[in-house]
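Asks: sequence first, predicted model second:
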Protein chains: 2
Amino acid sequence: MSAAPRAVPPVPPRPTLESVAAEAGVSRGTASRALNGGTNVSPKALQAVLDAADRLGYRPNLAARSLVLGRSGSIGLLVSESDDRLFNDPFFAKVVRGAHRELADHGMQLVLSLSQTPEERAQTVRFAAGRHLDGVLLISVRGGDPLPEALLEAGIPVVMAGRESRARTDRGLWWVDADNRGGARAAVEHLIEGGRRCVVTVAGPADMAVGRDRAAGWRDALRAAEGEPPSADRLERGEFTIESGWECTHRLLRRYPDLDAVFAASDLMAMGALQALREAGRRVPDDVALVGFEDIPAAEQTDPPLTTVRQPVEAIGRQMAALMIARLAGEGISPPWSVLPTELVVRQSG
Amino acid sequence: MSAAPRAVPPVPPRPTLESVAAEAGVSRGTASRALNGGTNVSPKALQAVLDAADRLGYRPNLAARSLVLGRSGSIGLLVSESDDRLFNDPFFAKVVRGAHRELADHGMQLVLSLSQTPEERAQTVRFAAGRHLDGVLLISVRGGDPLPEALLEAGIPVVMAGRESRARTDRGLWWVDADNRGGARAAVEHLIEGGRRCVVTVAGPADMAVGRDRAAGWRDALRAAEGEPPSADRLERGEFTIESGWECTHRLLRRYPDLDAVFAASDLMAMGALQALREAGRRVPDDVALVGFEDIPAAEQTDPPLTTVRQPVEAIGRQMAALMIARLAGEGISPPWSVLPTELVVRQSG
DNA sequence: CTGTTAGCGCATTCAG
DNA sequence: CTGAATGCGCTAACAG
């Protein structure tokens, strides 16, 4: 409520390139060159400018630089997801770390941005479309999410985590994913090699590529082993949650009382499966072998510890950033996506 | 490796205010006014501009706007902490949510930024100092962290989570905190009213205000009840972790075998204390009452559930943003800090 | 090697 | 109510 007119700004104006140049006794152009790499500048002038900048505490105005360069030097990692999820899923942390590392190595800033409500989403699109962000990394995008399209339409380069259709890829949606199909296949092959005869799967949602891919890998392995694709009722689809894993497993047990192996499309689902199997009186791995997917920290803490397929999560983040950097550099990348190898981690459950 | 010279840019140039004005048949000035509030613009012109902008898919260039306005409209939430911590501590999630809400309500963007290594930290300071951020919210700042000073020196408004010294506050470091001292006092009063005679405390680090404040509240309550300040060896300092809580409690048990109440400065510490007490054969709350601080989700899951002091975490985030907004608006706020009330949540442990 | 010049896209005077 | 002009701070292209 201070009604003072504040005629004079309370803080001294911040130094500009102009003032640095004046202080150093050179022109603005020379000062600019000196501050950026120092090419075509005499050692004497260079030193003078550097000293002047230091003395004045000069900080280049990034808005001005962005304006002339047409580039902000920062790329966004948008999370169109509840912040609860963001902060609880270890997946996010690792992707963020990977992307952050890669970007930092290239002198770029990672900017995290949340958007849950539609308005926030619109705000975020404006933010990116306003060239505040040179590009956008997207994680945890569900099937019908309009965000990727909106961004693309606004002319923002986008790289997603998770496989995309060929059509969308062609439209400019680049992506990075783990080899979900191959990993699932390896997991099921491991179960078969262990002598298991009836391998069922607790699969993920059909509206997510990751759900479909892991189911496909399961199918691949069984077809290879049994000569024909597995019957569809050996698969039960659910959400990537403990509860859902529990339910699906119960249903599968009812249909296949003699099942001896469960491939769960996520560790959380596997944890639910573990509980369901125990409740049904099955011992793991003696009666039923169990394999999960992801290798979340909790997978080591279950009893017995979970055999699972480890995703190179940090590498995914890193590669997303790398693709983005290449894209911004105008390099022709082909294909404009990456599939990173997974690794089977054998523990006691199967 | 595509060596093509790319003489022609593959994408059409993005529409500018100029092109919108041309399309609408008005001048740039009118177009600008129409797009920003529409004051001093005839309804006819306004409509023409809006239509044109829509038709062209116009997005204002935020860099240009920042440059002329001297303001970017986004404020940063810097986390100078390992990203593990960021993504695992529920505290962060809630602060972020609160700040995000408040900012969104005012049409501002929240930008999350991590910085662990010194270089990343420098990079972050450049980012903020380059006016990419109008202000910076800081959480989880440890004692000797140079970040706040660096930011202040660069002329960036800063609001922190956690009490700061009067000296630093006067230098421009505004802050928001929970009433740690009052909350601790209430917790210990509750223990005393429950008939406990020997209340010890597992305290937080002395280099964090929150550690000191909660210990002070414990001291306040005991002095009020016993007529004199408690002996210093009824307090054991540690880190805010389960392990540390466990260790401190063991030491306290050795010194005070007949202790009948433990006030832990955090829920994680309380969880460690719970384990230590159990190992020592003490029943909680029958033999020893236990109170934590923070009310993290896990506090409800312990056996017995933890009595604890709830912090208004989301409100803290919100208030931080509110202070920042006021500060940017040049409003004189006094005092330039906020202490938000806590709430004792009584469960079974004490 | 250096200084000068010309914008980057926008909001905002100031005349009309 | 409107258009023309000015400048935010910076980089790049251009002569010297």
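Replies: Sure thing, it's come through.

Asks: how many other residues sit next to A:G272?
Replies: 24 (other CB atoms under 10 Å in any protein chain shown). For every residue, glycine as well, the C-beta is placed using N, CA and C.

Asks: tell me the contacts of the residue in the stretch 151-300 of chain A that DNA strand D sits nearest to?
Replies: At 19.8 Å from DNA strand D, A:P157 is the closest residue in the stretch 151-300 of chain A, using CB to the nearest atom of the strand. Shown in contact with A:P157 (CB atoms under 8 Å, 6 or more residues apart in numbering or on different chains): A:134-136, A:172, A:174, A:324, A:327-328.

Asks: next step: the residues you listed restricted to strands.
Replies: A:135-136, A:174 (DSSP state E).

Asks: which one of those residues is nearest to B:D179?
Replies: Closest to B:D179 out of those is A:V136 (40.2 Å), distances taken as CB to CB.

Asks: how close does that closest one get to chain B?
Replies: In this view, A:V136 and chain B are 13 Å apart by CB to the nearest CB, to the nearest Å.

Asks: quick one: that residue and B:V188, what's the gap?
Replies: 50 Å (CB to CB, to the nearest Å).

Asks: do the same with A:G29
Replies: In terms of CB to CB, A:G29 sits 67 Å off from B:V188.

Asks: quick one: which of these two has more around it?
Replies: Taking neighbours as other CB under 10 Å, A:G29 and B:V188 compare with B:V188 leading, 26 against 12.

Asks: just list the residues touching that one, thanks.
Replies: Contacts of B:V188 by CB under 8 Å, 6+ apart are B:199, B:201, B:217-218, B:220-222, B:263, B:291.

Asks: how about the residue of the stretch 151-300 of chain A closest to DNA strand D, phi and psi?
Replies: phi -60, psi 130 (degrees, to the nearest 10).

Asks: just the one 10 residues further on next, same as before
Replies: Here the main-chain torsion angles of A:A167 (degrees, to the nearest 10) amount to phi -60, psi -50.

Asks: do the same with A:A178
Replies: According to degrees, to the nearest 10, A:A178 has phi -80, psi 160.

Asks: what about the nearest residue to it once chain neighbours are set aside, how many neighbours?
Replies: Spatial nearest neighbour of A:A178, chain neighbours left out: A:Q311 (4.2 Å); criterion: CB to CB, 6 or more residues apart in numbering or on different chains. A count of neighbours around A:Q311, defined by other CB under 10 Å, yields 24.

Asks: roughly how far does A:Q311 sit from A:W174?
Replies: 19 Å.

Asks: DNA strand D contacts on chain A?
Replies: A:13-14, A:16-18, A:28-29, A:32, A:35-36, A:58-61, A:64-65, A:67-69 (CB under 7 Å from any atom of the strand).

Asks: in helices, which of these fall?
Replies: Counting by DSSP state H, the residues of chain A next to DNA strand D place A:17-18, A:28-29, A:32, A:35, A:64-65, A:67-69 in helices.

Asks: farthest pair within these?
Replies: Farthest pair in these, by CB to CB: A:E18 and A:L69, 18.4 Å.

Asks: now which of the ones in helices among the residues of chain A next to DNA strand D would you call buried?
Replies: A:17, A:32, A:35, A:64-65, A:67 (16 or more other CB atoms under 10 Å in any protein chain shown).

Asks: any chance of the residues you listed in CSV, plus distance to B:D105?
Replies: Output for these, formatted as CSV (distance: CB to CB, whole Å):
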residue, distance to B:D105
A:L17, 36
A:S32, 40
A:L35, 39
A:A64, 29
A:R65, 30
A:L67, 29
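
Asks: and which of those residues is nearest to B:L78?
Replies: For these, the nearest to B:L78 is A:R65 (20.9 Å; CB to CB).

Asks: so what's the closest one up against?
Replies: B:G130.

Asks: what's the spacing between A:V26 and A:D51?
Replies: Distance from A:V26 to A:D51, by CB to CB: 11 Å.

Asks: sorry, back to before: for the ones in helices among the residues of chain A next to DNA strand D, which one is nearest chain B?
Replies: A:L67 (4.5 Å; CB to the nearest CB).

Asks: looking at it, the closest one is touching B:V68, isn't it?
Replies: No - using CB atoms under 8 Å as the test, A:L67 is too far from B:V68 to be in contact (9.7 Å).

Asks: ok, the closest residue to A:E239 other than its chain neighbours - how many residues close by?
Replies: Distance criterion CB to CB, 6+ apart; nearest residue to A:E239, sequence neighbours excluded, is A:P205 at 6.2 Å. For A:P205, the neighbour count with other CB under 10 Å is 17.

Asks: where does A:P205 sit: helix, strand or coil?
Replies: Under DSSP: H, G, I helix; E, B strand; the rest coil, A:P205 falls in the coil class.

Asks: what residues are up against it?
Replies: A:211, A:237-240.

Asks: let me know the pLDDT of it.
Replies: The pLDDT attached to A:P205 in the predicted structure is 93.

Asks: for the stretch 51-200 of chain A, just list every one of the strands.
Replies: With DSSP state E, counting those that start in this stretch as the criterion, the stretch 51-200 of chain A has strands at A:74-79, A:109-114, A:135-139, A:158-161, A:173-178, A:199-203.

Asks: what's next to the fourth one, contact-wise?
Replies: With CB under 8 Å, 6+ apart as the test, strand A:158-161 has contacts from A:95, A:135-141, A:148, A:151-152, A:172-177, A:316-317, A:320-321, A:323-324, A:327.

Asks: same check on stretch A:96-103?
Replies: Contacts of stretch A:96-103 (CB under 8 Å, 6+ apart): A:75, A:77, A:109-110, A:112, A:137, A:313-322, A:325, B:83, B:87, B:114, B:120.
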